[in-house]
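Student: how would this look folded up:
(4 chains)
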Protein chains: 2
Amino acid sequence: MAMKRRAPKLYEARAAIAKALAHPTRLLVLDALRQKDMCVCELTELVGADQSTVSKHLAILKNTGLVEARKEGAMTYYSLTCPCLDGFFQCIESVLQKNLKEFRALVGR
Amino acid sequence: MAMKRRAPKLYEARAAIAKALAHPTRLLVLDALRQKDMCVCELTELVGADQSTVSKHLAILKNTGLVEARKEGAMTYYSLTCPCLDGFFQCIESVLQKNLKEFRALVGR
DNA sequence: GCCAACCATGGCGATATGGGCATAAAAGCA
DNA sequence: TGCTTTTATGCCCATATCGCCATGGTTGGC
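Tutor: The predicted structure follows:
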């Protein structure tokens, strides 16, 4: 990682957050959590992967500060910490839409 | 990649875009391009890495539809395609601020 | 035509990421 | 106390990512 000239640390910190957002399973989880808090077993059911895999994805989101965990008996409930995610999702979606439109134009509708 | 249950393709498409955003050098480049279009040699100078490295980062951004390339003589100028990036940057920054605040609170200001 | 500048791409090695299995810790229940 | 459920974590392997070097194609100037 070279980056000799401009505030490398800041861009690395930002990239760390973006990285946490850059996985389909984690996006699915975040999207689901927008509706309601969920425990690991619910999310595991939703995602359809191994429980350990889901648990690790949640750890990543938590370490980045995107979600927080709350223990309730044997279960751990996860919830979003950031309303700001809307801006992120909208941006992504808008790029997606733009690409789709260009693709359609290319194929000829 | 399991993801048995919910619109996996859509989340993968979204993740692909997020992935392109998840690297410090690419964030730096995108940020710089918000000010003005720049050619590869300018961006190489800015980033401080090998020209080939910068070129590959630009290819990634281009393939994702986040920037576009315009040839001008021997040079290739890159420019942003999405005003929507603001929403993304704001989201990232807000997470960063939140983390920082919590960190400060933890240390005791 | 020839050379220099600019850019893209293939190759390669080092490191990071992601997935499941196995396991251990903690809680609830009989 | 035993047994089950719920999570988290270590381990291992497969794959992806990233960086530089080397190279080749293009363009512009001489």
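Student: which strand or helix spans A:T76?
Tutor: Following DSSP states H and E, the helix or strand that holds A:T76 is strand A:75-80.
Student: wait, does that strand contact chain B?
Tutor: No. Judged by C-beta under 8 Å from any C-beta of the partner chain, strand A:75-80 makes no contact with chain B; its nearest approach is 11.0 Å. Any C-beta I mention is one placed from the backbone N, CA and C, and that applies to glycine too.
Student: tell me, how many neighbours does A:A18 end up with?
Tutor: Counted by other C-beta atoms under 10 Å in any protein chain shown, the residues lying close to A:A18 total 24.
Student: so what does the one helix or strand it maps to touch, helix or strand wise?
Tutor: Element membership for A:A18, per DSSP H and E: helix A:8-20. Packing contacts for helix A:8-20, counted by 3 or more C-beta pairs under 8 Å, 6 or more residues apart in numbering or on different chains; DSSP states H and E, involve helix A:51-63, helix B:24-33, helix B:85-107.
Student: quick one: the last one near chain A?
Tutor: This points to helix B:85-107. Yes. Helix B:85-107 reaches chain A (C-beta under 8 Å from any C-beta) through B:85-96, B:98-99, B:102.
Student: stretch A:20-39: end-to-end distance?
Tutor: Using C-alpha to C-alpha, to the nearest Å, the gap from the first to the last residue of stretch A:20-39 comes to 19 Å.
Student: next: stretch A:69-78.
Tutor: Between the opening and closing residues of stretch A:69-78 there is a gap of 5 Å (C-alpha to C-alpha).
Student: hmm, who's touching it?
Tutor: Contacts of stretch A:69-78 from elsewhere in the structure, counted by C-beta atoms under 8 Å, 6 or more residues apart in numbering or on different chains, are A:29, A:33, A:37-41, A:43, A:58, A:61-62, A:67-68, A:79.
Student: any low-confidence regions in chain A?
Tutor: Using pLDDT under 70 as the threshold, the predicted model of chain A has low-confidence ranges A:1-7, A:109.
Student: residues of it that sit close to DNA strand C?
Tutor: Those residues of chain A that sit near DNA strand C, judged by C-beta under 7 Å from any atom of the strand, are A:19, A:22-23, A:25, A:49-50, A:52-53, A:56-57, A:60, A:73-74.
Student: if we can go back for a sec, what angle do helix A:51-63 and the strand holding A:T76 make with each other?
Tutor: Using axes from the mean of the first three to the mean of the last three C-alpha atoms, to 10 degrees, the direction of strand A:75-80 lies 50 degrees away from that of helix A:51-63.
Student: in strand A:75-80, what's buried?
Tutor: Neighbour-count burial for strand A:75-80 flags A:T76, A:Y77, A:Y78, A:L80 (criterion: 16 or more other C-beta atoms under 10 Å in any protein chain shown).
Student: neighbouring strands of it in the sheet, and parallel or not?
Tutor: Looking at strand A:75-80 with DSSP bridges, its partner strands are strand A:38-39 (antiparallel), strand A:67-72 (antiparallel).
Student: buried ones in the longest one?
Tutor: When you say that, I think you mean strand A:67-72. A:V67.
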